[in-house]
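> what's the 3D shape of this:
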Amino acid sequence: MKAMVLAAGFGTRLRPYSLKRPKPLFPVLGTPLLIHTLNQLRRSGAEGIVVNAHHLREQIRSMLHGQGDIHVQMEDMELGTGGGLRLAQSHFGDAPFLAVNGDIVHDLDLAAAYRAHCASGVDVTMVLHDCPRFNNVRVNGEGRIVGFAGSAGEGERLLAFTGVQVINPAVLSLIPEGVFYNSIDCYADLLKSGGTIQALVVSGHFWTDMGTPADYLQLHEDILLNGRLPGFFAGDGGRPFYLGKDVGLGAGVSFQDWVAIGHGASIGEGASLTRVVVWDGAKVAPGSIVTDSIIIEGN
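Below is the predicted model:
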């Protein structure tokens with residue numbers, strides 16, 4: 001099974017943090033999200049994985065250097081979700097491939113999604129769920145996707161795209177080469193031409209779109225305080241306080257609710273942290289009182 005991670009976006013809603021680091025490299029309990037995503041794909045049987053990169057792309061290439069099963073697709077211009085997929089088309093051969101967004105955290109069964117697509121005979125399978133914040137995909141009574149905007153028609157319902165999909169590579173030929181293009185526009189054209197897009201509807205899972213600072217903090221709360229995704233992230237163990245390697249803690253430091261401290265970070269004497277993520281190597285000044293924050297460097 002071939003796969004692709006879409007990791008080229010600007011992470012606009014995560015600014016100013018995403019000006020320092022691309023969103024897929026945001027650390028989750030001391031490990032970049034992209035590493036978690038790649039490990040999840042490998043466990044699902046994926047090999048020959050493409051990761052596309054545009055914003056701060058050298059950071060992504062540097063981190064993945066030496067991983068022989070990964071091809072980093074360096075994109076000099078913004079190509080959008082569709083344009084990035086089109087550029088990678090030659091890597092996939094003729095068999096369906098799995099594509100996942102680089103900013104999602106979930107426990108979906110990727111191998112099962114792939115098997116369902118291969119058994120269906122459709123052109124694309126999109127994994128959907130009921131998430132009112134994002135519900136905008138129209139699905140008919142037969143489980144086929146019929147549109148991506150507007151209100152649900154008779155016999156239809158609105159569901160949300162999880163960021164996981166399985167695609168027949170021939171579909172990518174509908175996307176023009178070398179220009180910005182959204183995959184949803186490709187799918188609209190596919191439907192107009194008589195193509196088929198199946199909705200694989202899932203429930204009872206964990207999923208988050210790590211799109212805003214609040215989402216990023218909530219993810220850590222779900223793992224550390226609420227016990228979500230048990231065992232998914234190495235070393236979490238459901239503990240409310242995560243400390244990376246070589247963390248420096250001054251005298252009298254206190255933590256409340258939950259806290260995640262990255263490798264080599266330094267927390268000054270008497271500092272108090274509540275619901276805070278501190279990135280690798282960042283410093284918290286002595287006596288600081290920090291709440292509901294992301295610390296990415298010295299303060």
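
> so where's the protein shaky on pLDDT?
230-239, 298-299 (pLDDT under 70).

> and it, what are its domains?
2-207, 213-295 (automatic domain parsing).

> Centre of the chain to the shortest one, how far?
Meaning domain 213-295. 21 Å (CA atoms, centre = their mean, to the nearest Å).

> how long is that domain end to end?
Domain 213-295 has an end-to-end distance of 11 Å (CA to CA, to the nearest Å).

> same question, the longest one
According to CA to CA, domain 2-207 extends 23 Å from its N-terminal end residue to its C-terminal end residue.

> same thing with stretch 46-60?
19 Å.

> For that stretch, buried residues please.
Neighbour-count burial for stretch 46-60 flags 46, 48-57, 59-60 (criterion: 16 or more other CB atoms under 10 Å). Glycine gets a C-beta too; all of them are placed from N, C-alpha and C.

> Can you add distance to Ser183 and secondary structure and give these back as a markdown table?
Listed next are these as a markdown table, based on distance: CB to CB, whole Å; DSSP: H, G, I helix; E, B strand; the rest coil:
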| residue | distance to Ser183 | secondary structure |
| --- | --- | --- |
| Ala46 | 19 | coil |
| Gly48 | 20 | coil |
| Ile49 | 18 | strand |
| Val50 | 15 | strand |
| Val51 | 16 | strand |
| Asn52 | 12 | strand |
| Ala53 | 17 | strand |
| His54 | 15 | coil |
| His55 | 18 | coil |
| Leu56 | 22 | coil |
| Arg57 | 20 | helix |
| Gln59 | 24 | helix |
| Ile60 | 20 | helix |
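
> Is it possible to get those out as TSV so that each row also shows distance to Ala88?
Listed next are the buried residues of stretch 46-60 as TSV, based on distance: CB to CB, whole Å:
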residue	distance to Ala88
Ala46	14
Gly48	11
Ile49	10
Val50	5
Val51	10
Asn52	7
Ala53	12
His54	13
His55	17
Leu56	19
Arg57	14
Gln59	20
Ile60	15
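
> Compute the number of surrounding residues for Ile289.
11 (other CB atoms under 10 Å).

> residue contacts, the nearest residue to it once chain neighbours are set aside?
Distances taken as CB to CB, 6 or more residues apart in numbering place Ser272 nearest to Ile289, at 4.9 Å, with adjacent residues excluded. Taking CB atoms under 8 Å, 6 or more residues apart in numbering, we find Ser272 in contact with 253-256, 288-290.

> now Leu38
Here Leu38 is in contact with 5, 49, 51, 67, 70 (CB under 8 Å, 6+ apart).

> Can you give the strand pairings for the strand ranked longest in the chain, parallel or anti for each?
What stands out as the longest strand in the chain, according to DSSP state E, is strand 157-167. Strand 157-167 has the following sheet partners, assigned by DSSP bridges: strand 97-101 (antiparallel), strand 124-129 (antiparallel), strand 137-139 (antiparallel).

> Let me see the ranges of the strands in the stretch 1-150 of the chain.
Remark: strands assigned in the stretch 1-150 of the chain by DSSP state E, counting those that start in this stretch are 2-6, 27-28, 31-32, 49-53, 70-74, 97-101, 104-106, 124-129, 137-139, 145-147.
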